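Participant: this one's sequence-less:
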């Protein structure tokens, strides 16, 4: 049953006959109800696309909440997580059907116009920590400022789990992410920055593969 939200001249949500109505990001829409054909065989292209999406979603869902923040600004009529998935499919998916994988060095954790560090790396620290170090730079450089906040991210493919936190300011040039319980595990790492006013982010920088101590 459909429900009229704003009277007879307003949009509606739900199903009325063969029509489906709803609201997405403030945009009212109606569309035809999909027709289900039982036993219909999927094409090779459909199977390949499904496998690609499954690989991308397996990774992105581990930091879905973060992607909703770090990709929303540049999303065009889509959610932040959908924008992140689209970006990953275009730049970081490798392999052939049915075996797809992710080239982590090409994955973007955030997109924006804020300058990132000129150079950065992540290394194993004591007690399961991952230490991120980034080079000094003349601040301000463009939009960059000393009080931009560092965002540290690590992902373990073996466990399909991610760790991240917003840390110190840019001027500190080093910070440590707690990855307790990952001793001996290999993780992929990224660094990015959030502007002091929280309105912009940097394009993330891949900081390497690290084996946690």
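Facilitator: Cool, the structure landed. The model shown is predicted, which means the values in this text are computed figures rather than measured ones.
Participant: so where do the helices sit in the chain?
Facilitator: 44-60, 64-70, 80-91 (DSSP state H).
Participant: those helices: which one's closest to residue 194?
Facilitator: Nearest to residue 194, of all those, is helix 64-70, at 8.5 Å by CB to CB. The way it works is simple: take the backbone N, C-alpha and C, and place the C-beta from them, glycine included.
Participant: buried set for that closest one?
Facilitator: Residues 66-68, 70 are the ones in helix 64-70 that count as buried (16 or more other CB atoms under 10 Å).
Participant: which one, of the helices of the chain, ends up nearest to residue 135?
Facilitator: Between the helices of the chain, helix 64-70 lies closest to residue 135; by CB to CB that is 22.2 Å.
Participant: tell me the mean pLDDT over that closest one?
Facilitator: Average pLDDT, helix 64-70: 96.
Participant: please renumber the chain so that the first residue is 44 from this point on.
Facilitator: Got it, the first residue is 44 from now on, which makes the last one we talked about helix 107-113.
Participant: for it, which outside residues touch it?
Facilitator: Outside helix 107-113, the residues that touch it by CB atoms under 8 Å, 6 or more residues apart in numbering are 103, 122-124, 126-127, 152-155, 194, 196, 207, 235, 244, 247.
Participant: let's see 10 Å
Facilitator: Contacting residues not belonging to helix 107-113 are listed as 100, 103-104, 106, 118, 122-128, 130-131, 151-155, 194, 196, 205, 207, 209, 235, 237, 241, 244-245, 247 [CB atoms under 10 Å, 6 or more residues apart in numbering].
Participant: need the helices of the chain in JSON lines (columns: distance to residue 189).
Facilitator: Shown next, in JSON lines, are the helices of the chain (distance: least, CB to CB, whole Å):
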{"stretch": "helix 87-103", "distance to residue 189": "31"}
{"stretch": "helix 107-113", "distance to residue 189": "21"}
{"stretch": "helix 123-134", "distance to residue 189": "27"}
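Participant: for residue 147, find the nearest of those helices.
Facilitator: Of all the helices of the chain, helix 87-103 sits nearest to residue 147, with 8.8 Å by CB to CB.
Participant: domain ranges for the protein, per the record?
Facilitator: 46-75, 87-254 (automatic domain parsing).
Participant: and the closest residue in space to residue 162 that isn't next to it in sequence, how many residues sit next to it?
Facilitator: Ranked by CB to CB, 6 or more residues apart in numbering and with sequence neighbours excluded, the top spatial neighbour of residue 162 is residue 178, at 4.6 Å. Neighbours of residue 178 under the rule other CB atoms under 10 Å: 10.
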